[in-house]
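Peer 1: this is a predicted model, with the sequence first.
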Amino acid sequence: MAESYILLIEDNPDDAFLASRIIGKVCPEKILLARDGEEASELLQRMALDESYKQIRLVLLDLKLPKISGLDILQAIRSSAELRTLSVVVLTSSDNDLDQERCRELGVLDYIFKPMTADRLKSVLVRKKGD
Amino acid sequence: MGRLPCDISGLSLLYVEDEADARVMVSKMLAMNYPKLTIYSAENGAAGLESYREHSPDVVMTDINMPVMDGIRMSREIKAINSEARIIAVTAHSDTSYLLSAIEIGIHHYVLKPLNYEELFALTDKVLEQIVLKRLVGEQNRRLVESERQLSGAQRIAHLGSWQKNLATGAMSWSDELYRICGLEPRSIQATHQAFLDRFLPEDRPIIATAINDALEVSKTPAHHFCRIVRPDGTIRTVRVEAEKLLDGGGLPEALIGTCHDVTELKQAEEQVRSLTEELERRVIQRTSLLQASVSELESFSYFVSHDLRAPVARLEGFCRALLEDCALCGNAGCTQYAERAERVVRQIKQIIDAFNNLTHYARCPLVITTIDLSAVVRGIAAGFQQTEPERVVDFLIADGVRVKGDATLLHTAMEHLIGNAWKFTSKREKAVIEFGCTYEGGTAVYFVRDNGAGFNMKYVEKLFKPFQTIHSPGEFTWHGTAIGLATVHSVILRHGGRIWAEGEVDRGATFHFTLEENPESGSYLKRA
């Protein structure tokens, strides 16, 4: 069986470091990091073509991203024939950033308020299993 | 003896005759025939003159040939006193030599002796009637003059001129005040239709011409027009012109009558009011835009706090947690403690950010104004506190029926903070009393929340309503962390156009007073971000 990944889309290096640290504690998967919306978008398109997207266990998506916003990426995932079934968890640092209505419409597994804790990530993964 | 058609009461007659029998007899007959006439008598010219001086009778009837002073001499003297005096001479045929003198003096009437009463009364009737008629005409003239004087005075005071135009001849007449309004001496120019039109500004002349034409039409109801008159000195007066037709006995238009009311000052005052109102509106718009600018600044600031500040604070919290987790591995007790304390500090920062956002929310959210039973609100809040700490004995004295206009949610929040404060600071009292009520100061309702708790030192009163400031040490009372309760109350009261102030004494309780605008504004003009 091929390797599987956690795709982390996060522009802030500190936040990326903290998230990676927690992911590393909880998940055996390798982390794929996209540092802005554009990079994430290109990566996802490539993975859709070569079918490597099937190896993504979970997408952790920061909403506030430069160039292409988190919501736009979520929208692109949901409208792509290949990617639409991906499990996406939204990362946010405040209520105000979170467009809950829009996220619910597009379908997300959960929202996690930063800083993410190991327990929180575990509970999300339990939930994914239950889906 | 005919009855006089006129009222002679108040008139008097002097009868002068030297023959006593005749004097008494004629006086008696006169008195019988003219019961309302006052009759005096005298026995010769000298006595007659004296009586005339004393009584000024309206008619003098006199014999001619008398001792001491004859009738002719007396009549001359009387005419000297009053040239209008009416004198009737009673003469014998033998006295005809006096007749020329009598005519010269102005004795217009005479009767011949021996007296024929019918003739005497007929003549007296005629003379009395003339006197009464003259008086009547005089009285009517006096009234007419008085009435004209009054009308002219009233026109002058009201600055209301009038004019009239005869439709058959085209002749026009203007009142004195109309001349004055036009800046002319009364009657200094001839009042004609053209002269009237010429008083007005050329562009206003058609309006006047139309007004005059319209007044002649049956269908049109009288209307008024505002036009401008130019005085010879160039000043312009604004007048209100009205015209109406006058009908003759047959119901046909006979004349046009009109008024010309100088309303220059009134118009100027109106103009002033209008420009003041405009100025006021301009200022309101300006202030509203300043207010909107402040609110929008507050919004960007609050956006900055809630978005931009939250992210690094969350990051800091993440690192504190990482430190805490990893320090457990290194085993240094000091490091663990520092990490824990740092994490607590971060949590505090997050609480402050939340409190700040709540506070700015109160300053910018539009209010939903309804009528609120504040007594019921306070009772509900009190019950809530009692449920949370049933072991505490607190006596709530809540005035009934305090109704106000305002935003239910915001006022509930404010009252919750005020009652909560009282609840908290009476926690060390065995018998706590918390009171809510309303008093009136100079017609304004002043609401209050009073407690017998810890109170405060009045020198810190300025700090009370400032956010994030506390005048009690954290350990002293149950501390809820951010100290924005009273700042929130302050903000809510301000939004309701009111004022809040406090009184207190250490260990003797505190009282919070506040007012509310009777009809608070919703502030819906505040743009939401």
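Peer 2: Received the coordinates, thanks.

Peer 1: wait, what's in contact with whatever residue of chain A ends up closest to chain B?
Peer 2: The nearest approach of chain A to chain B comes at A:P115, 3.0 Å away (Cβ to the nearest Cβ). Every residue, glycine included, has its C-beta placed from N, CA and C. A:P115 makes contact with A:18, B:314-315, B:317-318, B:321, according to Cβ atoms under 8 Å, 6 or more residues apart in numbering or on different chains.

Peer 1: tell me which entries of these lie within strands.
Peer 2: Counting by DSSP state E, the contacts of A:P115 place none of their members in strands.

Peer 1: out of those, which one sits closest to B:I64?
Peer 2: B:A314 (140.5 Å; Cβ to Cβ).

Peer 1: please compute how far the top strand by length along chain B lies from its chain's middle.
Peer 2: When chain B is parsed with DSSP E, its longest strand is strand B:236-247. Taking Cα atoms, centre = their mean, to the nearest Å, one finds strand B:236-247 lying 27 Å from the centre of the chain it belongs to.

Peer 1: other SSEs contacting that strand?
Peer 2: Judged by 3 or more Cβ pairs under 8 Å, 6 or more residues apart in numbering or on different chains; DSSP states H and E, strand B:236-247 is in contact with helix B:205-216, strand B:224-230, strand B:253-262, helix B:264-303.

Peer 1: for those, which one sits closest to chain A?
Peer 2: For the helices and strands packed on strand B:236-247, distance to chain A was read as Cβ to the nearest Cβ. The smallest value, 7.7 Å, belongs to helix B:264-303.

Peer 1: for the closest one, packing partners?
Peer 2: strand B:236-247, helix B:333-364.

Peer 1: now it: buried residues?
Peer 2: In terms of neighbour count (16 or more other Cβ atoms under 10 Å in any protein chain shown), helix B:264-303 has its buried residues at B:264, B:267, B:295, B:299, B:302.

Peer 1: could you do stretch B:485-497 as well?
Peer 2: For stretch B:485-497, the neighbour count (16+ other Cβ under 10 Å) marks B:485-493, B:495-496 as buried.

Peer 1: using CSV, write out every CA atom in stretch B:335-355.
Peer 2: C-alpha atoms of stretch B:335-355 as CSV (Å, rounded to 0.1, in the frame of the first residue of the first chain):
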residue,chain,number,x,y,z
CYS,B,335,10.4,25.4,33.6
THR,B,336,7.0,23.7,34.0
GLN,B,337,5.8,26.4,36.4
TYR,B,338,6.9,29.2,34.1
ALA,B,339,5.2,27.5,31.1
GLU,B,340,2.0,27.1,33.2
ARG,B,341,2.0,30.7,34.3
ALA,B,342,2.7,31.9,30.8
GLU,B,343,-0.3,29.9,29.6
ARG,B,344,-2.5,31.5,32.2
VAL,B,345,-1.3,35.0,31.1
VAL,B,346,-2.3,34.1,27.5
ARG,B,347,-5.7,33.0,28.7
GLN,B,348,-6.1,36.3,30.4
ILE,B,349,-5.2,38.2,27.3
LYS,B,350,-7.9,36.2,25.4
GLN,B,351,-10.5,37.1,28.0
ILE,B,352,-9.6,40.8,27.7
ILE,B,353,-9.9,40.6,24.0
ASP,B,354,-13.4,39.0,24.4
ALA,B,355,-14.4,41.7,26.9
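
Peer 1: what about that stretch, distance to the chain center?
Peer 2: 66 Å.

Peer 1: other residues contacting that stretch?
Peer 2: So stretch B:335-355 is contacted by B:305-306, B:309-310, B:313, B:316-317, B:320-321, B:323-324, B:327-328, B:467-468, B:481-482, B:484 (Cβ under 8 Å, 6+ apart).

Peer 1: which ones among the residues you listed also lie next to chain A?
Peer 2: Filtering the contacts of stretch B:335-355 for proximity to chain A by Cβ under 8 Å from any Cβ of the partner chain leaves B:306, B:310, B:313, B:317, B:321.

Peer 1: any chance of those residues in a markdown table, with pLDDT, distance to B:I434 and neighbour count too?
Peer 2: As requested, these are exported to a markdown table (pLDDT from 0 to 100; distance: Cβ to Cβ, whole Å; neighbours: other Cβ atoms under 10 Å in any protein chain shown):
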| residue | pLDDT | distance to B:I434 | neighbour count |
| --- | --- | --- | --- |
| B:S306 | 75 | 35 | 19 |
| B:R310 | 86 | 37 | 24 |
| B:V313 | 91 | 37 | 19 |
| B:E317 | 91 | 39 | 22 |
| B:R321 | 89 | 42 | 21 |
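
Peer 1: just the element for residue 89, please.
Peer 2: In the absence of a named chain, this looks at chain A. Element membership of A:V89 [criterion: DSSP states H and E] is strand A:88-92.

Peer 1: wait, chain B was what I had in mind.
Peer 2: If you go by DSSP H and E, B:A89 is part of strand B:86-91.

Peer 1: mind giving me the packing neighbours of that strand?
Peer 2: Checking 3+ Cβ pairs under 8 Å, 6+ apart, strand B:86-91 ends up next to strand B:59-63, helix B:71-81, helix B:99-105, strand B:109-112, helix B:117-158.

Peer 1: circling back: and which of the ones next to chain A among the contacts of stretch B:335-355 is nearest to chain A?
Peer 2: Nearest to chain A among these: B:R310, at 4.2 Å, using Cβ to the nearest Cβ.

Peer 1: so that closest one lies in a strand, does it not?
Peer 2: No - per DSSP: H, G, I helix; E, B strand; the rest coil, B:R310 lies outside any strand segment and is helix.

Peer 1: pick out the residue of the stretch 251-400 of chain B closest to chain A.
Peer 2: B:G318 (3.0 Å).

Peer 1: would you agree that residue is in contact with A:L18?
Peer 2: Yes - counting by Cβ atoms under 8 Å, A:L18 is a contact partner of B:G318 at 4.0 Å.

Peer 1: any common contacting residues for the two?
Peer 2: A:114-116.

Peer 1: quick one: least confident helix or strand in chain A?
Peer 2: Using mean pLDDT, DSSP states H and E, helix A:100-106 stands out as the lowest-scoring helix or strand of chain A, at a mean of 85.

Peer 1: which parts of that helix are buried?
Peer 2: Buried, per 16+ other Cβ under 10 Å, within helix A:100-106: A:103, A:106.

Peer 1: helices or strands up against that helix?
Peer 2: Right, helix A:100-106 is packed against helix A:70-79 by 3+ Cβ pairs under 8 Å, 6+ apart.

Peer 1: in the helix it packs on, what's buried?
Peer 2: A:70-71, A:73-74, A:76-78.

Peer 1: stretch B:444-463 now?
Peer 2: Result for stretch B:444-463 [16+ other Cβ under 10 Å]: buried residues B:445-456.

Peer 1: tell me the one of those residues nearest A:D50?
Peer 2: Using Cβ to Cβ, B:V449 comes nearest to A:D50 of the buried residues of stretch B:444-463, at 70.3 Å.

Peer 1: packing partners of the helix or strand where that closest one lies?
Peer 2: Taking DSSP H and E as the definition, one finds B:V449 inside strand B:444-451. For strand B:444-451, the packing partners by 3+ Cβ pairs under 8 Å, 6+ apart come out as helix B:408-425, strand B:432-441, strand B:510-514.

Peer 1: hey, C-alpha coordinates of the longest one in PDB?
Peer 2: What it means is helix B:408-425. Output of helix B:408-425 as PDB, limited to C-alpha atoms (Å, rounded to 0.1, in the frame of the first residue of the first chain):
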ATOM      1  CA  ALA B 408     -34.300  45.100  26.200                       C
ATOM      2  CA  THR B 409     -31.100  43.100  25.700                       C
ATOM      3  CA  LEU B 410     -28.800  45.900  26.500                       C
ATOM      4  CA  LEU B 411     -30.700  47.200  29.500                       C
ATOM      5  CA  HIS B 412     -30.900  43.600  30.900                       C
ATOM      6  CA  THR B 413     -27.100  43.300  30.500                       C
ATOM      7  CA  ALA B 414     -26.700  46.700  32.300                       C
ATOM      8  CA  MET B 415     -29.000  45.800  35.200                       C
ATOM      9  CA  GLU B 416     -27.400  42.400  35.500                       C
ATOM     10  CA  HIS B 417     -24.000  44.000  36.000                       C
ATOM     11  CA  LEU B 418     -25.400  46.500  38.500                       C
ATOM     12  CA  ILE B 419     -27.300  43.900  40.600                       C
ATOM     13  CA  GLY B 420     -24.400  41.500  40.100                       C
ATOM     14  CA  ASN B 421     -22.000  44.100  41.500                       C
ATOM     15  CA  ALA B 422     -24.300  44.700  44.500                       C
ATOM     16  CA  TRP B 423     -24.600  40.900  45.000                       C
ATOM     17  CA  LYS B 424     -20.900  40.500  44.900                       C
ATOM     18  CA  PHE B 425     -20.000  43.400  47.200                       C
END
